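> build me a model:
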Amino acid sequence: MRTRRWLAGGLGALFVATILVACSTGPDTKDESAEPSVPPTGPCEVESERGDVVHTVTVDGKQRSYLLYAPEGLPTDERLPVVFLLHGLGQEPADAVAYTGLDEAAADEGFIVVAPRGGEEGPGWTVGTEGQSADAKFIAALNEAVVERHCADPTREYAVGMSNGSALAFELACTGDYPFAAYGGVAYLTYDGCESAPPTSFIYFHGTADAVVPYGGGDTPIGKFEPVVESLTSWLTLDQCGEPEAYEEPAADLQHFTWDCPSASVETYVVLGGGHTWPGSEGVGGQGYTTESVSATAEMLRFFDLVRAD
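Numbering: from 1, shown residues only. Modelled structure (predicted):
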(Lines give C-alpha, C1' and ligand atoms only; values in the text may rest on other atoms or scores of the structure.)
Protein backbone atom coordinates (compact mmCIF):
# COMPACT_ATOMS: atom_id res chain seq x y z
CA MET A 1 0.00 0.00 0.00
CA ARG A 2 1.38 3.41 -0.90
CA THR A 3 0.70 4.80 2.54
CA ARG A 4 2.80 2.10 4.18
CA ARG A 5 5.60 2.65 1.62
CA TRP A 6 5.72 6.31 2.59
CA LEU A 7 5.48 5.67 6.31
CA ALA A 8 8.47 3.36 6.05
CA GLY A 9 10.47 6.04 4.28
CA GLY A 10 10.28 8.88 6.78
CA LEU A 11 10.79 12.68 6.75
CA GLY A 12 13.47 14.96 8.37
CA ALA A 13 14.54 18.67 8.66
CA LEU A 14 16.17 21.92 9.97
CA PHE A 15 17.52 25.15 8.50
CA VAL A 16 21.14 26.12 8.97
CA ALA A 17 22.21 27.64 5.67
CA THR A 18 22.04 31.38 5.25
CA ILE A 19 19.36 32.41 2.78
CA LEU A 20 19.99 35.79 1.21
CA VAL A 21 17.10 37.22 -0.73
CA ALA A 22 17.72 40.86 -1.55
CA CYS A 23 15.00 43.41 -0.88
CA SER A 24 15.02 46.55 -2.98
CA THR A 25 14.04 48.91 -0.15
CA GLY A 26 14.30 48.64 3.61
CA PRO A 27 11.31 49.08 5.91
CA ASP A 28 10.79 52.04 8.21
CA THR A 29 11.47 51.54 11.91
CA LYS A 30 9.31 52.38 14.91
CA ASP A 31 10.39 52.14 18.54
CA GLU A 32 7.74 51.07 21.04
CA SER A 33 9.14 50.29 24.43
CA ALA A 34 5.90 49.76 26.31
CA GLU A 35 4.86 46.23 27.14
CA PRO A 36 1.60 45.27 25.39
CA SER A 37 -1.44 44.95 27.60
CA VAL A 38 -4.01 42.17 27.41
CA PRO A 39 -5.21 42.25 23.78
CA PRO A 40 -8.76 43.38 23.04
CA THR A 41 -11.15 41.04 21.31
CA GLY A 42 -13.87 43.50 20.25
CA PRO A 43 -14.01 45.95 17.35
CA CYS A 44 -10.75 47.63 16.42
CA GLU A 45 -10.36 51.02 18.09
CA VAL A 46 -7.11 52.09 16.40
CA GLU A 47 -6.34 52.66 12.76
CA SER A 48 -3.59 50.27 11.81
CA GLU A 49 -0.87 51.60 9.52
CA ARG A 50 -0.13 50.21 6.10
CA GLY A 51 3.17 49.34 4.42
CA ASP A 52 6.19 47.54 5.84
CA VAL A 53 7.49 48.90 9.12
CA VAL A 54 9.87 47.48 11.74
CA HIS A 55 8.43 47.70 15.26
CA THR A 56 9.80 46.75 18.64
CA VAL A 57 8.32 45.18 21.74
CA THR A 58 9.98 44.96 25.14
CA VAL A 59 10.27 41.47 26.62
CA ASP A 60 11.96 40.95 29.99
CA GLY A 61 13.52 44.40 29.70
CA LYS A 62 14.97 43.80 26.22
CA GLN A 63 13.74 45.24 22.94
CA ARG A 64 12.89 42.72 20.25
CA SER A 65 12.03 43.70 16.69
CA TYR A 66 9.49 42.49 14.18
CA LEU A 67 8.56 43.46 10.64
CA LEU A 68 4.92 44.30 10.08
CA TYR A 69 3.74 44.03 6.48
CA ALA A 70 0.23 45.39 6.03
CA PRO A 71 -0.73 45.84 2.37
CA GLU A 72 -1.98 49.18 1.16
CA GLY A 73 -5.71 49.26 0.51
CA LEU A 74 -6.77 47.05 3.39
CA PRO A 75 -9.28 48.50 5.88
CA THR A 76 -7.51 50.32 8.70
CA ASP A 77 -10.30 49.94 11.27
CA GLU A 78 -11.21 46.27 10.83
CA ARG A 79 -9.62 43.27 12.48
CA LEU A 80 -7.71 41.21 9.92
CA PRO A 81 -6.14 37.75 9.88
CA VAL A 82 -2.42 37.67 10.66
CA VAL A 83 0.26 35.20 9.57
CA PHE A 84 3.38 35.00 11.73
CA LEU A 85 6.39 34.12 9.57
CA LEU A 86 9.27 32.55 11.51
CA HIS A 87 12.43 32.82 9.42
CA GLY A 88 15.16 30.23 9.04
CA LEU A 89 18.56 30.33 10.71
CA GLY A 90 20.67 33.16 9.31
CA GLN A 91 17.74 34.70 7.50
CA GLU A 92 16.47 38.23 8.12
CA PRO A 93 12.69 38.78 8.39
CA ALA A 94 12.45 40.93 5.24
CA ASP A 95 14.33 38.26 3.27
CA ALA A 96 11.98 35.57 4.57
CA VAL A 97 8.93 37.57 3.49
CA ALA A 98 10.36 37.99 -0.02
CA TYR A 99 11.53 34.36 -0.22
CA THR A 100 8.12 32.93 0.65
CA GLY A 101 6.14 35.50 -1.33
CA LEU A 102 3.90 36.21 1.63
CA ASP A 103 3.98 39.94 0.89
CA GLU A 104 2.35 39.45 -2.51
CA ALA A 105 -0.04 36.86 -1.09
CA ALA A 106 -1.08 39.22 1.71
CA ALA A 107 -1.91 41.93 -0.81
CA ASP A 108 -3.95 39.48 -2.90
CA GLU A 109 -5.81 37.80 -0.04
CA GLY A 110 -6.19 40.57 2.52
CA PHE A 111 -4.20 39.67 5.62
CA ILE A 112 -1.21 41.09 7.47
CA VAL A 113 2.18 39.48 7.95
CA VAL A 114 4.25 39.69 11.11
CA ALA A 115 7.86 38.54 10.73
CA PRO A 116 9.72 38.64 14.07
CA ARG A 117 13.51 38.53 14.24
CA GLY A 118 14.81 35.62 16.26
CA GLY A 119 17.83 35.78 18.51
CA GLU A 120 19.49 38.70 20.21
CA GLU A 121 22.48 38.69 17.81
CA GLY A 122 22.49 36.72 14.55
CA PRO A 123 18.99 35.79 13.36
CA GLY A 124 17.94 32.39 14.64
CA TRP A 125 15.53 30.72 17.07
CA THR A 126 16.27 28.85 20.29
CA VAL A 127 14.39 25.56 20.29
CA GLY A 128 14.29 22.54 22.57
CA THR A 129 13.27 24.51 25.66
CA GLU A 130 9.62 23.41 25.84
CA GLY A 131 8.50 26.92 25.00
CA GLN A 132 10.46 28.57 27.83
CA SER A 133 13.10 30.40 25.78
CA ALA A 134 13.36 34.17 25.39
CA ASP A 135 12.24 33.67 21.79
CA ALA A 136 9.06 31.87 22.88
CA LYS A 137 8.28 34.67 25.33
CA PHE A 138 8.84 37.14 22.49
CA ILE A 139 6.22 35.38 20.35
CA ALA A 140 3.78 35.39 23.28
CA ALA A 141 4.22 39.16 23.64
CA LEU A 142 3.71 39.59 19.90
CA ASN A 143 0.45 37.63 20.03
CA GLU A 144 -0.88 40.42 22.23
CA ALA A 145 0.86 43.31 20.48
CA VAL A 146 -0.42 42.59 16.98
CA VAL A 147 -4.01 42.50 18.23
CA GLU A 148 -3.67 45.61 20.35
CA ARG A 149 -1.54 47.72 18.01
CA HIS A 150 -2.28 46.44 14.52
CA CYS A 151 -5.94 45.37 14.51
CA ALA A 152 -5.21 41.68 14.10
CA ASP A 153 -8.07 39.26 14.66
CA PRO A 154 -7.13 37.15 17.72
CA THR A 155 -9.20 34.24 16.40
CA ARG A 156 -7.33 34.16 13.09
CA GLU A 157 -3.65 34.10 14.01
CA TYR A 158 -1.49 31.53 12.20
CA ALA A 159 2.19 30.59 12.47
CA VAL A 160 4.38 29.35 9.63
CA GLY A 161 8.10 28.74 9.52
CA MET A 162 11.03 27.59 7.43
CA SER A 163 13.35 25.02 9.02
CA ASN A 164 14.64 26.55 12.29
CA GLY A 165 11.48 28.69 12.22
CA SER A 166 9.34 25.65 11.53
CA ALA A 167 10.90 23.94 14.55
CA LEU A 168 9.90 26.87 16.73
CA ALA A 169 6.36 26.86 15.32
CA PHE A 170 5.85 23.22 16.30
CA GLU A 171 7.46 23.80 19.69
CA LEU A 172 4.90 26.55 20.31
CA ALA A 173 2.14 24.19 19.21
CA CYS A 174 3.52 21.60 21.60
CA THR A 175 3.01 23.85 24.63
CA GLY A 176 -0.63 24.60 23.87
CA ASP A 177 -0.12 28.09 25.31
CA TYR A 178 -0.34 30.11 22.09
CA PRO A 179 -3.50 31.29 20.32
CA PHE A 180 -2.56 30.15 16.82
CA ALA A 181 -5.49 28.55 15.03
CA ALA A 182 -3.21 26.41 12.84
CA TYR A 183 0.42 25.98 11.82
CA GLY A 184 2.45 25.54 8.65
CA GLY A 185 5.99 24.24 8.39
CA VAL A 186 8.72 23.52 5.86
CA ALA A 187 11.81 21.39 6.50
CA TYR A 188 11.67 20.83 10.25
CA LEU A 189 8.94 18.93 12.08
CA THR A 190 9.47 18.43 15.79
CA TYR A 191 7.59 16.60 18.51
CA ASP A 192 9.13 16.50 21.97
CA GLY A 193 7.00 15.72 24.99
CA CYS A 194 3.82 17.14 23.48
CA GLU A 195 1.43 14.64 25.04
CA SER A 196 -0.47 17.35 26.93
CA ALA A 197 -0.87 19.60 23.89
CA PRO A 198 -4.38 20.21 22.53
CA PRO A 199 -5.38 18.89 19.09
CA THR A 200 -3.29 20.75 16.53
CA SER A 201 -4.06 21.45 12.88
CA PHE A 202 -1.06 21.83 10.60
CA ILE A 203 0.23 21.49 7.05
CA TYR A 204 3.81 20.38 6.48
CA PHE A 205 6.26 20.09 3.55
CA HIS A 206 9.53 18.19 3.27
CA GLY A 207 11.89 17.12 0.49
CA THR A 208 13.29 13.60 0.40
CA ALA A 209 16.74 14.84 -0.71
CA ASP A 210 17.16 17.50 1.95
CA ALA A 211 20.92 17.50 2.58
CA VAL A 212 20.79 19.82 5.60
CA VAL A 213 18.57 17.56 7.66
CA PRO A 214 17.99 14.17 6.06
CA TYR A 215 14.48 13.11 5.19
CA GLY A 216 15.06 9.88 7.07
CA GLY A 217 16.78 11.52 10.03
CA GLY A 218 20.19 10.60 11.43
CA ASP A 219 23.41 12.23 12.56
CA THR A 220 24.57 15.32 10.69
CA PRO A 221 27.32 17.91 11.24
CA ILE A 222 24.74 20.15 12.93
CA GLY A 223 23.12 17.53 15.12
CA LYS A 224 21.01 14.41 15.24
CA PHE A 225 17.50 14.44 13.85
CA GLU A 226 14.62 12.04 14.13
CA PRO A 227 13.03 10.80 10.92
CA VAL A 228 10.17 13.11 10.08
CA VAL A 229 7.82 10.17 9.89
CA GLU A 230 8.38 9.53 13.59
CA SER A 231 7.55 13.11 14.55
CA LEU A 232 4.59 13.11 12.19
CA THR A 233 3.28 9.84 13.61
CA SER A 234 3.47 11.31 17.11
CA TRP A 235 1.44 14.34 16.05
CA LEU A 236 -1.10 12.10 14.30
CA THR A 237 -1.42 10.03 17.46
CA LEU A 238 -1.95 13.19 19.53
CA ASP A 239 -4.64 14.34 17.08
CA GLN A 240 -6.23 10.85 17.18
CA CYS A 241 -5.93 10.47 13.42
CA GLY A 242 -6.27 7.16 11.63
CA GLU A 243 -5.12 6.23 8.16
CA PRO A 244 -4.89 9.08 5.62
CA GLU A 245 -8.30 10.13 4.40
CA ALA A 246 -6.84 10.91 0.99
CA TYR A 247 -3.65 10.25 -0.93
CA GLU A 248 -2.73 11.68 -4.30
CA GLU A 249 0.23 12.23 -6.55
CA PRO A 250 -0.52 15.65 -8.10
CA ALA A 251 2.81 15.65 -9.94
CA ALA A 252 5.67 13.28 -10.64
CA ASP A 253 7.70 14.83 -7.81
CA LEU A 254 4.92 15.18 -5.26
CA GLN A 255 2.92 13.11 -2.78
CA HIS A 256 0.04 14.63 -0.82
CA PHE A 257 -1.52 13.07 2.28
CA THR A 258 -4.61 14.33 4.09
CA TRP A 259 -5.94 13.32 7.48
CA ASP A 260 -9.34 14.35 8.84
CA CYS A 261 -8.95 13.90 12.58
CA PRO A 262 -11.69 14.27 15.23
CA SER A 263 -10.62 17.76 16.35
CA ALA A 264 -7.91 18.76 13.87
CA SER A 265 -6.84 18.61 10.24
CA VAL A 266 -3.42 17.52 9.03
CA GLU A 267 -1.84 17.61 5.57
CA THR A 268 1.62 16.64 4.41
CA TYR A 269 3.37 17.17 1.09
CA VAL A 270 6.40 15.00 0.35
CA VAL A 271 8.59 16.46 -2.40
CA LEU A 272 10.41 13.60 -4.13
CA GLY A 273 14.00 14.68 -4.64
CA GLY A 274 13.27 18.00 -2.97
CA GLY A 275 16.02 19.91 -1.18
CA HIS A 276 16.13 22.23 1.79
CA THR A 277 13.92 24.84 0.17
CA TRP A 278 10.46 26.40 0.29
CA PRO A 279 8.27 24.70 -2.36
CA GLY A 280 7.19 27.11 -5.08
CA SER A 281 9.88 29.69 -4.29
CA GLU A 282 12.69 30.76 -6.59
CA GLY A 283 14.96 28.40 -4.71
CA VAL A 284 18.30 28.90 -3.01
CA GLY A 285 21.67 28.09 -4.51
CA GLY A 286 23.31 25.04 -3.00
CA GLN A 287 20.22 23.88 -1.11
CA GLY A 288 18.95 21.37 -3.65
CA TYR A 289 15.94 21.01 -5.89
CA THR A 290 12.93 23.31 -5.44
CA THR A 291 9.66 21.97 -6.81
CA GLU A 292 7.39 24.15 -8.90
CA SER A 293 4.60 21.58 -8.66
CA VAL A 294 3.19 23.14 -5.51
CA SER A 295 3.43 26.46 -3.69
CA ALA A 296 3.85 26.03 0.04
CA THR A 297 2.58 29.58 0.52
CA ALA A 298 -0.56 29.06 -1.54
CA GLU A 299 -1.34 25.72 0.10
CA MET A 300 -0.85 27.11 3.60
CA LEU A 301 -3.26 29.94 2.87
CA ARG A 302 -5.82 27.48 1.50
CA PHE A 303 -5.38 25.35 4.61
CA PHE A 304 -5.89 28.42 6.81
CA ASP A 305 -8.96 29.44 4.79
CA LEU A 306 -7.34 32.77 3.90
CA VAL A 307 -8.01 32.61 0.15
CA ARG A 308 -10.61 35.13 -0.95
CA ALA A 309 -13.59 33.88 -2.91
CA ASP A 310 -13.54 34.88 -6.57
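
> burial count for the closest residue to A298 other than its chain neighbours?
Here the nearest residue to A298 in space, its sequence neighbours aside, is G280; by C-beta to C-beta, 6 or more residues apart in numbering that works out to 6.8 Å. For every residue, glycine as well, the C-beta is placed using N, CA and C. Neighbours of G280 under the rule other C-beta atoms under 10 Å: 19.

> do the same with the one 3 residues further on
Around G283 there are 17 other residues, counting by other C-beta under 10 Å.

> distance-wise, check it relative to T290.
4 Å (C-beta to C-beta, to the nearest Å).

> surely F170 meets L189?
Yes - between F170 and L189 there is a contact at 6.1 Å, judged by C-beta atoms under 8 Å.

> with neighbour numbers in mind, choose between the two.
More neighbours surround L189 than the other of F170 and L189, with 30 against 25 (other C-beta under 10 Å).

> does the nearest residue to the more buried one once chain neighbours are set aside sit in a helix, a strand or a coil?
Ranked by C-beta to C-beta, 6+ apart and with sequence neighbours excluded, the top spatial neighbour of L189 is S231, at 4.6 Å. When classified by DSSP: H, G, I helix; E, B strand; the rest coil, S231 comes out as helix.

> picking that back up, which residues are common contacts for G283 and T290?
Common contact partners of G283 and T290 (C-beta atoms under 8 Å, 6 or more residues apart in numbering): T277.

> how far is stretch 88-99 from where the chain is centred?
In terms of C-alpha atoms, centre = their mean, to the nearest Å, the centre of stretch 88-99 is found 12 Å from the chain centre.

> end to end, how far does it reach?
Start and end residues of stretch 88-99 are separated by 11 Å (C-alpha to C-alpha, to the nearest Å).

> would you mark the buried spots in it?
Buried residues in stretch 88-99, counted by 16 or more other C-beta atoms under 10 Å: G88, L89, G90, Q91, E92, P93, A94, D95, A96, V97, A98, Y99.

> cool, and stretch 103-114?
Within stretch 103-114, the residues that count as buried by 16+ other C-beta under 10 Å are D103, A105, A106, A107, E109, G110, F111, I112, V113, V114.

> same deal with stretch 237-256?
L238, D239, C241, P244, D253, L254, Q255, H256.

> next SSE after the longest helix along the chain?
Ordering each helix of the chain by length in residues (DSSP state H) puts helix 134-150 first. With elements assigned by DSSP states H and E, the helix or strand that comes after helix 134-150 is strand 152-162.
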